[in-house]
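# Quick one: sequence and predicted model below, then my questions.
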Amino acid sequence: MRTHGLTFAAIVAAGALALTGCAFGGTAAGTTHTLTSDGRATGKITIWSWDVAATALKRLAKEYESAHEDTTIDVVDIGYDNAYDKISVGLQAGTGLPDMITLETDHDQGYITQFPKGFADLTPVLGAEKADFDPFKWAAGTDKDGQLRMAPWDSGTVGLFYRTDYFKDAGIDPTSIKTWDDLVTAGETIKAKLGKTLLTADLSAGGPFGMMLQQQGHGYFNDKGEITVNTPAAAQVMTLLKTMNQKGLIKNAKGWDASVTSAKDGDSAVTPEAVWWIGTLEGEAKELSGKYAVRDLPVFDDQSAPTSNNGGSGLAIPTQAKNPQLAADFMKYVLADKTNQASMMQKEGLFPAYLPALHSDFFQQADPYFGGQKVYQTFAELTPKIPSITFTSDQSAASDAITNAVGAAVLGTTDPQKALDDAAQQIATATGRKIAGS
Amino acid sequence: MTASLLTRERGTRRAPGYPRPGSRRSGGRLAGRLQRPGMWFALPAAVLLVVFFAYPLATSLLQSFFSTKGGESTFVGLDQYLRLFRDPLVLKSLGTALLILVIQVPIMIALAVGLAYLLNQAWVRFRSGFRLITFLPAITTLVAYSVVFRVMMTTDGGALNQILGVFGAGPIDWLNNEWWARVAVIASITWRWTGYNMVIILAGLQAIPPELYEAARIDGAGRWQTFWHVVVPQLRPVLIFTIVTSTIGALQLFDENFILTGGGPNNATLTPVLYLYKVGFQQFDFGYADAIAWMLVILTAIIAVIQFRILREKP
């Protein structure tokens, strides 16, 4: 009985080791197929995207299919909340991903450094047009060897969306607001007169902390890769959010759907959000047409910029794609084309990172949704003022720590500076990076 | 009269006259052994065991000694295990598990025993109906009920706060306040698992021979004395089972916290498995995630052994 058991165990162990030995080693690399840019591929591809980005791709896919014989493009809206889980698992497993995926700009470096063999080199496809793309976006999608892994798609220039009717009813002139403190004062008046909150934010996901920090010229890391989440500027942002919440000016909405619902329900007077919010509003809240306007962000002091960056996205082709060449052709059709980029601005509110598109007539037009305001021009003027910051491979660990710091300081009782110091320490422990100035 | 499940099981296995496997043929060679029909019957199970249990286990153990950051695996020895001790979030997540272990598990087992005892009484009407209702939460899916609880616990307009509002209390910020978020998690897992444990305990109750109650009655024991001195000792093996499985469940808690609170606010409801998931699938630090998993395996084993030892001893 005893030897019997041992033999059995030995078979199991040997089998396990044999399997482990051949398969261990992380990401499986796909074929190193070199892409071209002749635009003559055929067949079928599948693309993962979400929200207005998916809407745009679906629309352009139909046009592409009718212009190119024997092509089928299937765009799947995988939803925002689980998108990165699906992408990460697919990359780690080396299988299960479609021919093309959408990624937000602040995720680029994390994925590029963690999965250096996970994405096809896009330089042969778009390299010739490099000068036409927003340099900040191009750099964010390039790996350390200078190869483009994520193609720039849309920008995340931030402005302040506000409800003109609420400001009018409360008797406040929105142009009189210069600083965030002015806005808080206005928010108190609006709350007293109309019972509406000042702004809706998803505090359980960190809220507008990141974009407000970038407004002050800081990211989570400096250009030496040191941690900068506990600077005085960061403490100022955290204190502002805490003050707003204590005064009951923040409507806390958990998750993307809750944020959209809150806008539809008209909970809050302002939304500091990126330009792609135009598309979400026009798509999801048609009934609010004529009630919104956009302006630059209030500032903290003379040093802070009147805008920031939040998200914006790109397209990438996983090396496990079954038909990478058609994906590349379609990518070029979507991204490096003035007409298509302008149409995505017009129809889905995706602000082009492809600069020639900004010169199209559309950007001079008044938008009836915003009561005839030339909103695109507003954002076009703000875009060059976005402070550049450094993204690192540890963006995800840092943003996780920041989310918790916001929870501790804004929702909880922790002192803002202490919450940020804890976050910095946590990032240092998790990543082995130095805290700047320590 | 020692009707313990464990001893009974052992008894059957050693029953006289049962042919001992391997006693009919001699010879220790594998080829010879494979001729025995029993081995062939075991083969499909063995293959499945290797592919779906042994392989992932071995891989994760191996990977825990490698750092998988930057897309490459480098051997780092015990570094990631040492990092566990320096990581405040590991401690915090274990704290959550401990809180559930110390507060939720006893409440739930006590509730389950009480309910099972009640629903085993002949005088209770509609017993099967009540049993079904109590057990129903256990068959709903984890994700579905968590989502429903999240909706119910929404601060503005959630069902719970509306009910509180009727009584002039609240509203409570269930999911955004560190303290209430813990209460919310504990309440929801108690709702989900009490019925499950009740059914197991009910089975144990029904295995108690009626003569024991009769003997207790003749000896002059009251209802309460019968419960403590007859029912509870008889339930010992069943209780050990429910307590140990609930402990393992507490250490492996994931779904409820992930959906209800995402581990927040400020990691107040972060469980070890949720942390493991974040480290692995959001920060791509798979080696460290494996180290967390193995720490959990070791901890669970230790706690389970301790519980078995303590609970097995006769008072």
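Right, received. Where do you want to start?
# helices or strands next to the lengthiest helix in chain B in the packing?
Criterion DSSP state H: the longest helix present in chain B is helix B:178-206. Secondary-structure packing of helix B:178-206 (3 or more Cβ pairs under 8 Å, 6 or more residues apart in numbering or on different chains; DSSP states H and E): helix B:88-99, helix B:105-118, helix B:127-139, helix B:142-152, helix B:232-251, helix B:255-260. From N, CA and C alone the C-beta is placed, and that goes for glycine too.
# If we go by neighbour counts, what in it is buried?
Under the neighbour-count criterion of 16 or more other Cβ atoms under 10 Å in any protein chain shown, helix B:178-206 has B:178, B:180-182, B:184-202, B:204-205 buried.
# so how far is chain B from A:Val299?
29 Å (Cβ to the nearest Cβ, to the nearest Å).
# excluding its backbone neighbours, what's nearest the residue nearest to the spatial centre of chain B?
The residue at the geometric middle of chain B, judged as the C-alpha nearest the mean C-alpha position with Cα atoms, centre = their mean, is B:Gly249 (2.6 Å). Using Cβ to Cβ, 6 or more residues apart in numbering or on different chains and skipping the chain neighbours, the partner closest in space to B:Gly249 is B:Trp193 (7.1 Å).
# Please list all residues in contact with that neighbour.
Contact analysis of B:Trp193 by Cβ atoms under 8 Å, 6 or more residues apart in numbering or on different chains lists B:Met108, B:Pro137, B:Ala138, B:Ser246, B:Gly249.
# Same check on B:Leu296?
With contacts taken as Cβ under 8 Å, 6+ apart, B:Leu296 has the following neighbours: B:Leu251, B:Gln252, B:Pro272, B:Val273, B:Leu276.
# Helix, strand or coil: sort out it for me.
Here B:Leu296 is helix, with the state taken from DSSP: H, G, I helix; E, B strand; the rest coil.
# what do you get for A:Ala293?
Following three-state DSSP, we place A:Ala293 in the strand state.
# how many neighbours does it have?
The criterion is other Cβ atoms under 10 Å in any protein chain shown. On that basis, A:Ala293 has 19 neighbouring residues.
# surely it meets A:Asp165?
No: shown here, A:Ala293 and A:Asp165 do not form a contact pair, counting by Cβ atoms under 8 Å, at 10.0 Å.
# buried set for stretch A:36-55?
Counting neighbours by 16+ other Cβ under 10 Å, the buried set in stretch A:36-55 is A:37, A:41, A:45-55.
# so which pair among the residues you listed is furthest apart in space?
A:Ser37 and A:Asp51 (28.3 Å; Cβ to Cβ).
# can you list the residues of the stretch 301-438 of chain A near chain B?
Remark: the part of the stretch 301-438 of chain A in contact with chain B comprises A:393-394, A:396-397, A:400, A:403-405, A:407-408, A:411-412, A:414, A:419, A:426, A:429-430, using Cβ under 8 Å from any Cβ of the partner chain.
# what about 6 Å?
Counting by Cβ under 6 Å from any Cβ of the partner chain, the stretch 301-438 of chain A comes close to chain B at A:Ser396, A:Ala397, A:Asn404, A:Gly407, A:Ala408, A:Leu411, A:Gly412, A:Thr429.
# Just the buried ones from these?
Counted by 16+ other Cβ under 10 Å, these give A:Ser396, A:Ala397, A:Asn404, A:Gly407, A:Ala408, A:Leu411, A:Gly412, A:Thr429 as buried.
# separation between the most centrally placed residue in chain A and A:Lys332?
By Cα atoms, centre = their mean, chain A has its centre lying nearest to A:Gly311, at 2.4 Å. In this view, A:Gly311 and A:Lys332 are 23 Å apart by Cβ to Cβ, to the nearest Å.
# do A:Ala186 as well
46 Å.
# So these two - more neighbours on which side?
In this comparison of A:Ala186 against A:Lys332, neighbours counted by other Cβ under 10 Å, the higher total goes to A:Ala186 at 24 against 19.
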